[in-house]
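Trainee: okay, sequence plus prediction incoming.
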Amino acid sequence: MPQRPATVPPAGRIVVVGSINVDLVVRVATLPRPGETVLGGRFASVPGGKGANQAVAAARAGGRTTFVARVGDDSMGHAAINAFRAEGIETDFVTITPHGPTGVALILLDAAGENSIAVAGGANDRLCTDDIERARPAIEAADVILLQLEVPLEAVAHAVTIAKAAGTRVILNPAPARPLTAALLARVDILTPNETEAESLASRGPALSAAEADALAGTLLGLGPRAVVVTRGAAGALVATAEDRTHVPAFPVEPRDTVAAGDVFNGCLAVMLAEGLDLVAATRFAAAAAAISVTREGAQTSAPHRGEIDAFLAARSGV
């Protein structure tokens, strides 16, 4: 087998634990208010789910990616597994749930790229500690484990416990925002909320300025994680540790669809950390990948490949 060029870092080993959904997307001029019907939408059915989006983003960014998840025993679930395999994702721990549907997300997307989402968990709600135990060898061998909160917290907590005992770096993307225990947060190496999720976890109001964002990140660090990366959309990202705060600027682009930007960010962050980059450099790479993704429609379809991200960064080396 030919050797990888010396300039190419060895692929990091990533385990993603999370959700698989089919996204039913309607594009509208404006998002409807409560009780309002908006006509003239355009419909598409695309693969999604935060866990699946992050797994695809990680694989396309060059990570050796293993996915731990559940699908229904239906056409959508079997199609999802085949699609993951086509991306090079290890699917031995994607369990087919008898007599249960694959998860579905209903997404409204407006002309400015903003969205409103409702999720029916389906098989995602059946992910359990037994599923995590089956994946124990993969978690223990991984460089990084990446988790979100669209699956039961018991499964998330068990995966984190296994990872910490094995020395596997833990990234928790606390989305959608849910109450989390101090014991869980104390085992998290990097917490990656967006601003809304950060405000919910910290029980604070909106962080409208950089100073307020710094204070918000400090509150989150006080909850237990070793580092916090708060994604702030067009305002970039804030990387916070006990010793330092670093603002990583966003890359200006014209957005078309922001649905999976956070998932692309997290998947690519995991890959860069698994390859040995420091947190700030990894965040910049992840921000570039997210910037590319928002210029495209769809969730998994928007995730860029490694060469695209490298080229994007090279063209903006002075930014």
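Mentor: That came through, no problem. Residues are numbered from 1 along each chain as shown.
Trainee: excluding its backbone neighbours, what's nearest residue 233?
Mentor: Setting aside the residues directly before and after it, residue 233 is nearest to residue 250 in space (C-beta to C-beta, 6 or more residues apart in numbering), at 7.1 Å. In short, each C-beta sits where N, CA and C put it, glycine included.
Trainee: sec struct for that neighbour, please.
Mentor: Assigned state for residue 250: coil (three-state reduction, DSSP: H, G, I helix; E, B strand; the rest coil).
Trainee: all helices of the stretch 101-250 of the chain, in order?
Mentor: Secondary structure of the stretch 101-250 of the chain by DSSP state H, counting those that start in this stretch: the helices cover 129-134, 136-141, 153-166, 182-185, 195-202, 210-221.
Trainee: outside of the shortest one itself, list whatever touches it.
Mentor: For helix 182-185, contacts defined as C-beta atoms under 8 Å, 6 or more residues apart in numbering pick out 153, 156, 157, 160, 172, 191, 223, 224, 225.
Trainee: can I assume the fifth one is in contact with residue 197?
Mentor: The reference is to residue 172. No. In terms of C-beta atoms under 8 Å, residue 172 does not count as a neighbour of residue 197; the distance is 10.7 Å.
Trainee: between the two, which one's more packed in?
Mentor: Legend: neighbour count by other C-beta atoms under 10 Å for residue 172 and residue 197, higher for residue 172 (25 against 22).
Trainee: is the more buried one bridged to anything, and to what?
Mentor: Taking DSSP bridges, one obtains residue 147, residue 191 as the residues bridged to residue 172.
Trainee: return the residues in contact with it.
Mentor: Remark: with contacts taken as C-beta under 8 Å, 6+ apart, residue 172 is in contact with 147, 148, 156, 160, 184, 185, 188, 190, 191, 192, 225.
Trainee: from those residues, which is closest to residue 291?
Mentor: Within those, proximity to residue 291 (C-beta to C-beta) peaks at residue 192, which comes in at 16.4 Å.
Trainee: A helix includes residue 45, no?
Mentor: No. The assignment for residue 45 by three-state DSSP gives strand, which leaves it out of any helix.
Trainee: good, wrapping up.
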